[in-house]
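Novice: Return a 3D structure for these sequence lines:
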Amino acid sequence: MQDARRAAERSQDRRIVSIEEPRQVLVSARDAETWVRRLQEEQRRAGGDMKFAVVVVPGWLKSDAPKVYYDLKQALGPFAGRAGVASQMVLTSTLSQDAARMQIARNICQQILVKCGAWLWTFSPLPYMRRKVMVVGVDARSASVDNGQSVQVLCASTNCFFTSYFTTWRAKESVRRGLDFTSPPLELLLEALGHFMRMHGRPPDSLVLYRSGVSDSQEAALFESEVQELIDGALQRALLATEACATSGVDLSDWARTFEIAYILVRRNTRARFRTEDFQNVPSGTVVDEGVVAPRMPGSGHHDFFLVSQSCKQGTARPALYSVLYSSLSMSKEELVDLSYMLCGMYMTFTGRVSVPAPLRYATKLLSQICGMKDVPSRPAASASSLQHKLFFV
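Specialist: Have a look, this model is predicted:
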């Protein structure tokens, strides 16, 4: 009886997705510029009726213009003052694979669903359910060596399942070239917290921020420019002073006193490799937090650990190094490790586990897309709010 009840509950949770017959547009061109121009013309012609675009790109176009993917994404996405639409790029060579046609179609449908706001799985039981937790990924790098412009991207979760995300970014002139960060992500955090408040009527109780790794020589500067602001409570003070707080009708004075935050630096390109005594790959979920981990200053509260999240059948899995530079969380070190490992399995376009937590992987994905564009947009278009809470870029 219980099994039948569970099956009935699962059937009620299913949602039917109706897809209308798409309008087909034939592009007969031998250059990337014409493709981009035709897509922009179709987008203007459709006005607000275009909801999604699937672009079938011929193989010769990719080989002749390697950056055509970024050009097409920029033409359709929420850049350069346009609201934009989510899009899916597919190569004709991919569609011509008869043996794997059903699997390819399934993968394309899943990516389209994710870009439209759906999520395909989650974990149970969820950790840390007694508080509202937001997990954040921040990545940044120089978009162009010539002009010294840097881009900073933030992806923040908006639900308790860590499956829905809000994304935003800023591009500005770098103060110093060669550094993979610009100013502290305080403005981006406030934008994400404002979106969270509009959804839930209050900010999260806890915030866990995963920052893309920088070199050892840059860590001290990163701590002074980004982490110190969080330690000094700049985020709480700034949010209390925002219009979103004033119009929410919620007294956030108690929240500011009990707000918990952690800042974790994640380095992916480590030289460390771990194997078992019989020279096999260590299993997914292996944590190394002593011996090869450099000791931190006693009493500082900082601690490091290696985490091997992905399974590797060929070669040796590359662990990620997590450096907890600041934490006021009430959760234990083991709970924080478990949360990080769980988030490595929440990247919606891959059924296994990726090397870093999903919010950071999403931020890196969007950063790569923005930095590949000819004209780097300084920030999301004002009319792009409908896409900012969807993973339109995966």
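Novice: Please count neighbours and contacts with C-alpha atoms only from this point.
Specialist: Fine.
Novice: check which helix or strand covers the residue lying closest to Ala256 once chain neighbours are set aside.
Specialist: Closest residue to Ala256 apart from its sequence neighbours, by CA to CA, 6 or more residues apart in numbering: Gln236 at 5.7 Å. Using DSSP states H and E, Gln236 sits in helix 234-240.
Novice: Sketch out the low-pLDDT regions of the stretch 51-200 of the chain for me.
Specialist: Residues of the stretch 51-200 of the chain that meet the criterion pLDDT under 70 lie in 64-66, 80-82, 127-129, 142-148, 174-184.
Novice: how about the strands in it?
Specialist: Assigned by DSSP state E, counting those that start in this stretch, the strands in the stretch 51-200 of the chain fall at 52-57, 86-91, 133-142, 149-157, 165-173.
Novice: looking at those, which is closest to Met342?
Specialist: strand 133-142 (11.8 Å; CA to CA).
Novice: burial measure for Cys116, as a count.
Specialist: Close neighbours of Cys116, defined as other CA atoms under 10 Å, add up to 19.
Novice: List the contacts of it.
Specialist: Cys116 sits next to Ala86, Lys390, Leu391, Phe392 when contact means CA atoms under 8 Å, 6 or more residues apart in numbering.
Novice: related to what we said a few turns ago, what separation do you get for the residue nearest to Ala256 and Leu325?
Specialist: 19 Å (CA to CA, to the nearest Å).
Novice: Then Gln149?
Specialist: 27 Å.
Novice: So which of the contacts of Cys116 wins on neighbours?
Specialist: Leu391 (26 neighbours).
Novice: I'd say Glu139 and Pro359 touch.
Specialist: Glu isn't right for residue 139; it's Asp. No: checked against CA atoms under 8 Å, the pair Asp139 and Pro359 is beyond contact range at 9.9 Å.
Novice: Name the residue in the two with the higher neighbour count.
Specialist: Remark: of Asp139 and Pro359, Pro359 carries more neighbours, 31 against 28, as counted by other CA under 10 Å.
Novice: Determine the three-state secondary structure at that one.
Specialist: Under DSSP: H, G, I helix; E, B strand; the rest coil, the three-state class of Pro359 is helix.
Novice: list the contacts for it?
Specialist: Val135, Val136, Gly137, Val138, Cys155, Ala156, Ser157, Tyr165, Tyr210, Leu343.
Novice: The second one is in contact with Val153, isn't it?
Specialist: No: contact status for Val136 versus Val153: not in contact, 10.4 Å apart, counting by CA under 8 Å.
Novice: Find the nearest non-adjacent residue to Val282, please.
Specialist: The shortest distance from Val282 to any non-neighbouring residue, by CA to CA, 6+ apart, is to Arg275 (5.3 Å).
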